[in-house]
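have a look at this prediction, sequence included:
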Amino acid sequence: MEAITDPSTPAFLQEVEASAASLRLVQVPGKGRYSLLRLRRFWLRRVEAHIALRCRFWFRRVEAHIALHCRFWTRTLFGLVTSLALVEIVWWLLLSGWLFRSEWMRSRYKLKLSIIGDDDKRRKTESDDALRDKFDGFEPFGGTAEMRQEDDKPTRVAGSGQCR
């Protein structure tokens, strides 16, 4: 007995129909009718195949939805994290003094301070010498100023704990 299959049905549904159609019908002893058990099994297989098909379509739809939103959130979060990192780097450079108080910046741009007061004070602060005097005491990490003055400080002898 050949199973009649619709060409639009999926392959696994066709397999279920073919396997159900290939079963021979068994008579129930004493009643002379075809077994309802085989018929029930056939319809149960059809229902299970239908449920499996709906689950597959639902999972594919959910996967496509998640993939679409994952791409969106990945781009959004990547942009957010990148912009926050750039802001943090610029903020750190500003606070540590590497951006505007460095010698490189002073050599490129002339910093003109506007001080409210008489013209003599303005001229004095606009001169390069006054600016160098103002910013020379600043060390971005504070370590190099101490290293320059180490000849003045007593040093410890290694391992002894005593000063020379």
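Cool, the structure landed.

for the record, mean pLDDT for the longest helix that the chain contains?
In the chain, assigned by DSSP state H, the helix with the most residues is helix 36-96. Averaged over helix 36-96, pLDDT sits at 78.

could you report the neighbour count for Ala49?
19 (other CB atoms under 10 Å). (C-beta placed from N, C-alpha, C; glycine too.)

and it, how far is that from Phe42?
Shown here: Ala49 relative to Phe42, a distance of 11 Å by CB to CB, to the nearest Å.

likewise for Glu63?
Glu63 is 31 Å from Phe42, by CB to CB.

who's more crowded, these two?
Phe42 (16 against 10).

from Glu48, how far off is the more buried one?
Look at Phe42 and Glu48: by CB to CB, they are 11 Å apart.

and what of Arg61?
20 Å.

what residue spans form the domains of the chain?
What automatic domain parsing lists as the domains of the chain is 1-95, 97-158.

dump stretch 63-78 to PDB, restricted to CA.
What follows is stretch 63-78 as a C-alpha-only set of coordinates in PDB (Å, rounded to 0.1, in the frame of the first residue of the first chain):
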ATOM      1  CA  GLU A  63      16.600  31.800  16.900                       C
ATOM      2  CA  ALA A  64      16.200  34.300  14.100                       C
ATOM      3  CA  HIS A  65      14.700  36.800  16.600                       C
ATOM      4  CA  ILE A  66      17.500  36.300  19.100                       C
ATOM      5  CA  ALA A  67      20.200  36.500  16.400                       C
ATOM      6  CA  LEU A  68      18.800  39.700  15.100                       C
ATOM      7  CA  HIS A  69      18.700  41.300  18.600                       C
ATOM      8  CA  CYS A  70      22.100  39.800  19.500                       C
ATOM      9  CA  ARG A  71      23.600  41.600  16.600                       C
ATOM     10  CA  PHE A  72      21.900  44.800  17.600                       C
ATOM     11  CA  TRP A  73      22.900  44.600  21.200                       C
ATOM     12  CA  THR A  74      26.500  43.500  20.300                       C
ATOM     13  CA  ARG A  75      26.900  46.600  18.100                       C
ATOM     14  CA  THR A  76      25.300  48.900  20.700                       C
ATOM     15  CA  LEU A  77      27.200  47.500  23.600                       C
ATOM     16  CA  PHE A  78      30.500  47.500  21.700                       C
END
